[in-house]
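[1] Here is the input, now give the coordinates:
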Amino acid sequence: MSEAMSMQASQQPVIECRSITRTYREGPTTLTIFSDISLSVGAGETVAIVGSSGAGKTTLLNLLGGLDRPSSGHIAICGEDIHRMGEAKRARFRNRHLGFVYQFHHLLPEFSARENVMLACTLDGMAVSDAGRKADAMLAKVGLGERLEHKPGELSGGERQRVAIARALVNEPECVLMDEPTGNLDEQTGESVQRLIEGLRDQLGIAFVVVTHDMSMARSLGRVLRLEQGRLHPV
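    Next up, the predicted model:
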């Protein structure tokens, strides 16, 4: 790749959405969750989205991750319009370019920490031996190098969330979407996960979009936007 092409690629937003609207039908009524939202997230940038319960933060995150479709507007991930892809292609694209972390970790209880993280790699066609090496390295990076064979039921809440973060990062995505990643943790554990997110952002250069109710966490991460009355506002 030429230097000019490399520079152009590096300047391309990881996430770009323009004038997106999401509405739902409730009988004869059309309910507007949000309208005319535009957002650009650069490589390595962290954006925190705050707002009251029911404001539509999770709905917006699902749209950005291709888990839901906007009623109108355009969403591009790494320059690709994911909503023009077929379902199978979109799933593969998400697995390669996006990571997801939720308030509840959604780990498979019968699998070890290593196996839960490996699964993200093997779904992408990676050989089991290579997936194991990548999973071990990522779990060590999040501080769980000694807990590889433990199943979720044998891990603390904070440790389970670290496994979920390792799983989200193991395919080296351009962006990780997080929905209340510390919302189900006690204050001390939540702060340790927050510091982990900050460190990974600085080390790996991955973009993060984090939905959180915790304003102190939001301000520590980077740019803060509030979703209110269907619109995004800078804080």
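[2] packing partners for the lengthiest helix in the chain?
    Secondary structure of the chain per DSSP state H: the longest helix is helix 187-204. Packing contacts for helix 187-204, counted by 3 or more CB pairs under 8 Å, 6 or more residues apart in numbering; DSSP states H and E, involve helix 157-169, strand 207-211, helix 215-221. For the C-beta atoms, the positions are set from N, CA and C on the backbone; glycine is no exception.
[3] Would you mind putting the ones you listed into CSV with mean pLDDT and distance to residue 232 alongside?
    Output for those, formatted as CSV (pLDDT from 0 to 100; distance: least, CB to CB, whole Å):
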stretch, mean pLDDT, distance to residue 232
helix 157-169, 89, 23
strand 207-211, 92, 12
helix 215-221, 84, 13
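[4] how about those in a markdown table, adding mean neighbour count and distance to residue 141?
    As requested, the helices and strands packed on helix 187-204 are exported to a markdown table (neighbours: other CB atoms under 10 Å; distance: least, CB to CB, whole Å):
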| stretch | mean neighbour count | distance to residue 141 |
| --- | --- | --- |
| helix 157-169 | 24 | 7 |
| strand 207-211 | 25 | 15 |
| helix 215-221 | 17 | 19 |
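[5] and the longest helix of the chain, average pLDDT?
    Helix 187-204 shows a mean pLDDT of 81.
[6] Figure out how far stretch 71-87 is from the centre of its chain.
    16 Å (CA atoms, centre = their mean, to the nearest Å).
[7] Now do the closest residue to residue 132 other than its chain neighbours, the pLDDT please.
    Leaving aside its sequence neighbours, residue 132 sits nearest to residue 118 (CB to CB, 6 or more residues apart in numbering; 5.9 Å). The model reports residue 118 with a pLDDT of 93.
[8] what about residue 118, distance to residue 104?
    21 Å (CB to CB, to the nearest Å).
[9] What of residue 30?
    From residue 30 to residue 104 the distance is 31 Å (CB to CB).
[10] again with residue 224
    Here residue 224 is placed at a distance of 24 Å from residue 104 (CB to CB).
[11] and what of residue 193?
    14 Å.
[12] These two: which is more packed in?
    A count of neighbours by other CB atoms under 10 Å puts residue 193 above the other of residue 193 and residue 104, at 23 against 13.
[13] show me the contacts for the more buried one.
    158, 161-162, 165, 181-182, 185 (CB atoms under 8 Å, 6 or more residues apart in numbering).
[14] now residue 182
    Taking CB under 8 Å, 6+ apart as the test, what residue 182 contacts is 161, 189-191, 193-194, 212, 214, 217.
[15] Quick check: it is in a helix.
    No. Applying DSSP: H, G, I helix; E, B strand; the rest coil, one finds residue 182 to be coil, outside a helix.
[16] Look up how far residue 145 lies from the residue most central in space within the chain.
    With distances taken as CA atoms, centre = their mean, the chain has residue 177 as the residue nearest its mean C-alpha position (1.4 Å). When distance is defined by CB to CB, residue 177 is 26 Å away from residue 145.
[17] hmm, back to that, check which residues of the longest helix of the chain are buried.
    Residues 189-191, 193-194, 196-198, 200-201 are the ones in helix 187-204 that count as buried (16 or more other CB atoms under 10 Å).
[18] Likewise for stretch 37-45?
    Buried-residue list, stretch 37-45, by 16+ other CB under 10 Å: 37, 39, 41, 43-45.
[19] how about the CA coordinates for it, as PDB?
    The C-alpha coordinates for stretch 37-45 follow below in PDB (Å, rounded to 0.1, in the frame of the first residue of the first chain):
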ATOM      1  CA  ILE A  37     -28.400  11.300  14.400                       C
ATOM      2  CA  SER A  38     -25.000  11.600  12.800                       C
ATOM      3  CA  LEU A  39     -21.800  10.300  14.500                       C
ATOM      4  CA  SER A  40     -18.200   9.700  13.400                       C
ATOM      5  CA  VAL A  41     -15.700   7.700  15.500                       C
ATOM      6  CA  GLY A  42     -12.000   7.800  14.400                       C
ATOM      7  CA  ALA A  43      -9.500   5.000  14.700                       C
ATOM      8  CA  GLY A  44      -8.300   4.600  18.400                       C
ATOM      9  CA  GLU A  45     -10.900   7.100  19.600                       C
END
